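**Student:** could you work out the structure for the sequence below:
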Amino acid sequence: FFVFDTESNPRCSYDLATVFDSNGTIIHKYCGKNTKNLQVTSSAEDLSFNFKTDGVQESMGFLASWEEVGDSTDLIDTEGKYLISFPRSFIEESPEKICIELFDSEKSDGTIETQVFINDKEDKDSWIFGESPVQKQTIEIKAEEKLKCFDFILPKTKESKGLLNIKVNFKDSTYSVNSFKEITILKKENYPLIQTDKGQYKAKDDVKFRVLLVDHNLKPSEISTIEELWVEDPRNRRIVQWKDQGLDKGLMQQEFKLSEEPELGTWTINFKAGPLKEKTTFTVSEYVLPKFEVTIEPPAAVLRDTLEAEWKVCAKYTHGGSVKGQVKANFTSTYQRRTWRPPPPIVKNIEMLKIVSADDDCATVTLNSEQIKELTEKVDNFDLKIEFEEEGTGTTEKSKWSGSLVDEAIKLDIGSSSQQFILGGFPYVAEFSVNNHDDSPREDDIEVCVRLFKDANEIRNLFNRRGIWSMDEDEIAEIGKKMVEIKYSSKCHQLRSENGKIKFYVPMNNIPKDVTKLSIKATAINHPANETTKMKQPMRKLDVSLTHTTADLTLSVKEKQRSKISCGEDFKAKVYFSSKPSKEFDLHYHALSKGMIFKSGSIKVSTEQTNALESLVGQAKELSASESNNEKESIEGKVVSDQEIILPIDYKVSPSLKLVVFINDGNQTLTDSHTYDVEACQNHKVKAEWSEEKVYPGSPVTLSVAAEPDSLCAISA
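**Tutor:** Numbers count the residues shown, from 1 in each chain. Predicted coordinates for the structure are as follows:
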């Protein structure tokens, strides 16, 4: 079976394939989705299978083939001998990179045959594909080549999904590869953008706009001409138009002047270029810019037990000066009872009046604890409406704010921490963040309890099957013992946050097979709960699902650094290994960005005698899950070592980079990946800046534009 995708459940009772041997006995039952080829061999010349399905959940189904073979002991297992990397989405008429990594060094010259099949039936939802591929490509691979990457171009089709088939055959028939994978087929598209120099105009203004067409790579479109470009007024009358407008690197600019009495309302700019159509709007009105704007600066949080909360109200002219006048503040809350015939809502108001004099820039509106309790007697949220009246002219501007009460004194959150962890010699590294409500870092005392739990599903299943009321005392007591034994170990640690962070790691060696969860609970011990004020004690719990492995080697590319990677320099990504000292293997990697593989390679690695654990955990504190700290030392003698992968960072990699690493260890392939954020990075390095941040009307100001050689930039005034 090359592809198997059916409805899955633990008993395979809905959609399944049952394979029978020559004597009629059942060899295998398959359901769900396969990740590798499923191979079945009969004991004699007959092999049959039965496929059962229903109409509840529909999936791809299966794709299988059969052939006559000799003794089953002569069959070669290809598991762990190769790895295929390919995009899940193919864009028509665009080169897509496919890479095949071959781990077997004892091989001859061979060929790689790549083909794509699509559905040629009338039922477009069917997963039955045609027998002839829409595209086929064959390339040669030399015996000494371990990594082979090549471009594959899919022609135009009418379908949105396909089946990718990759075959690898060697001249000496050492072994062969035949893999089928589902792919999505995307159309080659152009993306239009129409942009005006302003959003609002008045009579006799010049309306300036540009049209930009880019392809899926955000590069200038292949379209060279806009066939028709026109502007309509609010009554859909065509006011001005242009024909056959040429594009320069996908860009064109145009302008026109509004009449002395234009139609007021929403105008539309339209264009058509082949099958591509787009439009944008702008507004024409008789408007006057507001003389000033009112802003409200609220407190970072309104706590339930706060004694006083302040809101800062400021009014600024467009040139930056402060407005003098009168501030009318109105705090309101609304409670609506939810019944079949709800009564009128209960609305509470607190009104205030403040004066902003010549000596003031802003007004401060304050609520004390009694006023806050009055507003939030039945609800947690309330509003503030501000009306600012300018002194002398009587001009008013309004603003509003909405918020809710906060019931925790500080912000305690789970930082960059994974909820899945494979036990294989690495410690579990995590962090909690401790901040004030204005997001500034906070130093505070935090209790961190580390617990290990066994699987609780057995207990849940017992109660689900029978229920506690059908059990006698002996059964309840026996289940009670099992419930107590679920907590394997626990230990609490008193820590203090530094720069708003608590970084820690938990040694995870010698963990029994029946322990399936690591649970870490952080509590802010200086901020206990209060029933009178209804304040809650900040507490967060991080639950981590544990997976056990018997592999002698594990790897990880999880990085401690969370900041963005700098552009224009080499980035050294660290890959960590847990193994016995002096183990040798090949580390393979793919670096991907924007859906493309931009660098691949392999590195010979020999694990060191020294332990690189300190490099992995950095300044994190060790927190054990038991008093004995039995999880610290590895009984298998494993050590943690590392290897750097050097990756060049430029505009091709921004804004993110995904590193995929894998190791062939015996008949299994170990893999891991990590995505790094890259700072904004452009091929054309252009910088523009004003000489002053703020100036008054009529003041001189300079705009400076700088660009590196061969960079493209544009400026108009």
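
**Student:** only C-alpha atoms from now on, for both contacts and neighbour counts.
**Tutor:** OK.

**Student:** pull the contacting residues for residue 499.
**Tutor:** 441, 442, 443 (C-alpha atoms under 8 Å, 6 or more residues apart in numbering).

**Student:** can you list those in CSV and add secondary structure?
**Tutor:** Formatted as CSV, the contacts of residue 499 follow (DSSP: H, G, I helix; E, B strand; the rest coil):
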residue, secondary structure
441, strand
442, coil
443, coil
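
**Student:** can you pick the most crowded of these?
**Tutor:** residue 442 (20 neighbours; other C-alpha atoms under 10 Å).

**Student:** my guess is that one contacts residue 502. True?
**Tutor:** No - Residue 442 is beyond contact range of residue 502, at 10.6 Å (criterion: C-alpha atoms under 8 Å).

**Student:** for the biggest helix by length in the chain, packing partners?
**Tutor:** Using DSSP state H to define each element, the chain has its longest helix at helix 473-485. Judged by 3 or more C-alpha pairs under 8 Å, 6 or more residues apart in numbering; DSSP states H and E, the packing partners of helix 473-485 are helix 457-465.

**Student:** between helix 457-465 and the longest helix of the chain, find me the angle.
**Tutor:** On the basis of axes from the mean of the first three to the mean of the last three C-alpha atoms, to 10 degrees, helix 473-485 is oriented at 150 degrees to helix 457-465.

**Student:** so what touches helix 473-485?
**Tutor:** Identification of contacts with helix 473-485 by C-alpha under 8 Å, 6+ apart yields 454, 456, 459, 468.

**Student:** what's the nearest residue to the last one if we skip its chain neighbours?
**Tutor:** Counting by C-alpha to C-alpha, 6 or more residues apart in numbering, residue 468 lies nearest to residue 476, which is 7.4 Å off, once chain neighbours are set aside.

**Student:** from residue 642, how far out is residue 613?
**Tutor:** 9 Å (C-alpha to C-alpha, to the nearest Å).

**Student:** who's more crowded, these two?
**Tutor:** Neighbour count, other C-alpha under 10 Å: between residue 613 and residue 642, residue 642 has more, with 21 against 17.

**Student:** quick one, helices of the protein?
**Tutor:** Under DSSP H, the chain gives helices at 369-375, 457-465, 473-485, 613-617.

**Student:** quick check: the residue nearest to residue 468 vs residue 464, distance?
**Tutor:** Plainly put, residue 476 is 14 Å away from residue 464 if you go by C-alpha to C-alpha.

**Student:** what does residue 378 give?
**Tutor:** The gap separating residue 378 from residue 464 is 39 Å, by C-alpha to C-alpha.

**Student:** looking at these two, which is more packed in?
**Tutor:** The residue with more neighbours, out of residue 378 and residue 464, is residue 378; 14 against 10, by other C-alpha under 10 Å.

**Student:** so for the spatially closest residue to that one that is not a sequence neighbour, what's the pLDDT?
**Tutor:** Leaving out its chain neighbours, the residue that sits closest to residue 378 by C-alpha to C-alpha, 6+ apart is residue 335, at 6.6 Å. With respect to pLDDT, residue 335 scores 92.

**Student:** please apply the same query to residue 562.
**Tutor:** As predicted, residue 562 sits at a pLDDT of 62.

**Student:** and stretch 470-486, average pLDDT?
**Tutor:** So the average pLDDT for stretch 470-486 ends up being 87.

**Student:** which of the residues in it are buried?
**Tutor:** Neighbour-count burial for stretch 470-486 flags 479, 486 (criterion: 16 or more other C-alpha atoms under 10 Å).

**Student:** ok so, going back, nearest to residue 176 among the contacts of helix 473-485?
**Tutor:** The nearest member of those to residue 176, counting by C-alpha to C-alpha, is residue 454 at 43.3 Å.

**Student:** tell me the pLDDT at the spatially closest residue to the closest one that is not a sequence neighbour?
**Tutor:** Nearest non-adjacent residue to residue 454, counting by C-alpha to C-alpha, 6+ apart: residue 515, 4.1 Å away. Residue 515 carries a pLDDT value of 92.

**Student:** do the same with the one 3 residues further on
**Tutor:** pLDDT, the model's per-residue confidence, is 95 for residue 518.

**Student:** repeat that for residue 44.
**Tutor:** Note for residue 44: predicted pLDDT of 84.

**Student:** run a quick neighbour tally on it.
**Tutor:** Number of residues near residue 44 (other C-alpha under 10 Å) recorded here: 10.

**Student:** point out where the stretch 201-350 of the chain drops to low pLDDT.
**Tutor:** Low-confidence segments of the stretch 201-350 of the chain, defined by pLDDT under 70: 287-290.

**Student:** strands of that one, start to end?
**Tutor:** 206-215, 225-232, 238-246, 251-257, 265-273, 276-284, 292-297, 302-303, 308-317, 325-335, 346-356 (DSSP state E, counting those that start in this stretch).

**Student:** out of those, which comes closest to residue 533?
**Tutor:** strand 302-303 (9.6 Å).

**Student:** return the residue of this structure that is most distant from the centre.
**Tutor:** residue 392 (53.8 Å; C-alpha atoms, centre = their mean).

**Student:** how close does that one sit to residue 95?
**Tutor:** Between residue 392 and residue 95 the distance is 69 Å, computed by C-alpha to C-alpha.

**Student:** before we move on, back to that, wait, which of the contacts of helix 473-485 is closest to residue 629?
**Tutor:** residue 454 (17.8 Å).

**Student:** that closest one against residue 514, yeah?
**Tutor:** Yes - using C-alpha under 8 Å, residue 454 makes contact with residue 514 at a distance of 5.6 Å.

**Student:** ok, these two, which is more surrounded?
**Tutor:** Using other C-alpha under 10 Å, the more surrounded residue of residue 454 and residue 514 is residue 454, with 20 against 13.

**Student:** what is the neighbour count of residue 625?
**Tutor:** Residue 625 sits with 26 neighbouring residues when counted by other C-alpha under 10 Å.

**Student:** show me the contacts for it.
**Tutor:** When contacts are counted by C-alpha under 8 Å, 6+ apart, residue 625 touches 449, 450, 451, 452, 489, 490, 491, 506, 631.

**Student:** mind giving me CSV with those residues and columns for distance to residue 100, pLDDT and neighbour count?
**Tutor:** Formatted as CSV, the contacts of residue 625 follow (distance: C-alpha to C-alpha, whole Å; pLDDT from 0 to 100; neighbours: other C-alpha atoms under 10 Å):
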residue, distance to residue 100, pLDDT, neighbour count
449, 46, 96, 19
450, 43, 95, 21
451, 43, 95, 20
452, 41, 94, 22
489, 45, 92, 18
490, 47, 93, 17
491, 48, 94, 17
506, 37, 92, 23
631, 39, 71, 18
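
**Student:** now residue 344: how far from residue 658?
**Tutor:** From residue 344 to residue 658 the distance is 57 Å (C-alpha to C-alpha).

**Student:** let me fix that: residue 47
**Tutor:** From residue 47 to residue 658 the distance is 44 Å (C-alpha to C-alpha).

**Student:** point out where the protein drops to low pLDDT.
**Tutor:** 71-80, 105, 120-127, 173-174, 287-290, 559-562, 609-610, 634-636, 667, 714-717.

**Student:** returning to that earlier point: shared neighbours, residue 442 and residue 502?
**Tutor:** Residues within reach of residue 442 and of residue 502 at once, by C-alpha under 8 Å, 6+ apart, are residue 434.

**Student:** quick one, what contacts residue 564?
**Tutor:** If you count contacts by C-alpha under 8 Å, 6+ apart, residue 564 has them with 676, 677, 678, 679.
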